[in-house]
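[1] need a 3D model of the following:
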Amino acid sequence: MNKIYLHISELSGFFRKMCYGLTKDKEQIDDAVQELMVYFLGMNKETLKSIYEKDGEKGIIRYGAVVLKRSLTSPRSPFYYKYKKYYKNLVGMTHSSSYSAYDKIQDAYHKSVYNLSDPEVEFEEDAKWKKLEKIDLILDEMYWYDKRMFELYYSEKNTLDSISKKTGISRNSIFTTLQKVRNEIKEKIKDE
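    Model (predicted):
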């Protein structure tokens, strides 16, 4: 298996080039390829071994291409929930702007020629990421239970009912915890 994993890691540059057909955002490409590598590591070893033995490098590339395309284009992919949805929810929670405004900023940034920086967009992007970093720091200071409930709800896109079923904690208790965390984040951001 180590031979297969080593071979897959050597293909990371190829997978990066493959992503440029779907997006020009270098950070998004790096995140997607990294998630692909994690995906291969978590994959059923027998399935991975049979793909490699049957089609070799071509089979791995084809399989990786499908995973990357789904990651970068599908709003139901784990990549979307882990990287895009979590931060969109946080931005929507902390700003009074709507998602469409966020999407316009993203579109303006990604449509710029060869991703050259536009000072106006760069300033807005920088401000957004600074605010998200503050939120992450605030979450790191919180009690583990509060932080985990927040992550389950926002980054893993669970409903209150699904969290309740998974954890055995009442829906009302989860709602109260999420409300408390949101209010605490809002208060700390206002104070800064």
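
[2] element containing residue 152?
    Using DSSP states H and E, residue 152 sits in helix 144-154.

[3] er, residue 186 I mean
    helix 171-191.

[4] need the longest helix for this protein.
    helix 45-73 (DSSP state H).

[5] tell me which other helices or strands it touches.
    helix 2-10, helix 12-19, helix 26-42, helix 78-79 (3 or more C-beta pairs under 8 Å, 6 or more residues apart in numbering; DSSP states H and E). Using the backbone N, CA and C atoms, a C-beta is placed for each residue, glycine as well.

[6] what about the protein, any weak spots by pLDDT?
    Scanning the chain for pLDDT under 70 picks out 80-127, 192.

[7] just give the nearest non-adjacent residue to residue 139, would you?
    Using C-beta to C-beta, 6 or more residues apart in numbering and skipping residues adjacent in sequence, the residue nearest residue 139 is residue 147, 5.0 Å away.

[8] show me which residues of stretch 5-13 are buried.
    Using 16 or more other C-beta atoms under 10 Å as the test for burial, stretch 5-13 gives 8, 11.

[9] on that earlier part again, just the CA coordinates of the helix holding residue 186, formatted as CSV?
    Output in CSV follows, covering the C-alpha atoms of helix 171-191 (Å, rounded to 0.1, in the frame of the first residue of the first chain):
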residue,chain,number,x,y,z
ARG,A,171,-32.8,20.0,20.3
ASN,A,172,-33.6,22.9,22.6
SER,A,173,-30.3,22.6,24.5
ILE,A,174,-28.4,22.7,21.2
PHE,A,175,-30.4,25.7,20.0
THR,A,176,-29.7,27.5,23.3
THR,A,177,-26.0,26.7,23.0
LEU,A,178,-25.8,27.9,19.4
GLN,A,179,-27.6,31.1,20.3
LYS,A,180,-25.2,31.7,23.2
VAL,A,181,-22.2,31.2,20.9
ARG,A,182,-23.5,33.5,18.2
ASN,A,183,-24.2,36.2,20.7
GLU,A,184,-20.8,35.8,22.3
ILE,A,185,-19.1,36.1,18.9
LYS,A,186,-21.1,39.1,18.0
GLU,A,187,-20.2,40.8,21.3
LYS,A,188,-16.5,40.1,21.1
ILE,A,189,-16.4,41.3,17.5
LYS,A,190,-18.2,44.6,18.4
ASP,A,191,-15.7,45.2,21.3
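
[10] okay, angle between that helix and helix 144-154 too, please.
    100 degrees (axes from the mean of the first three to the mean of the last three C-alpha atoms, to 10 degrees).

[11] got the domain ranges for this protein?
    According to automatic domain parsing, the chain comprises the domains 2-73, 79-191.

[12] and the shortest one, end to end?
    Taking C-alpha to C-alpha, to the nearest Å, the first and last residues of domain 2-73 lie 30 Å apart.

[13] also the last one?
    Separation of the first and last residues of domain 79-191 by C-alpha to C-alpha is 33 Å.

[14] alright, I will stop here.
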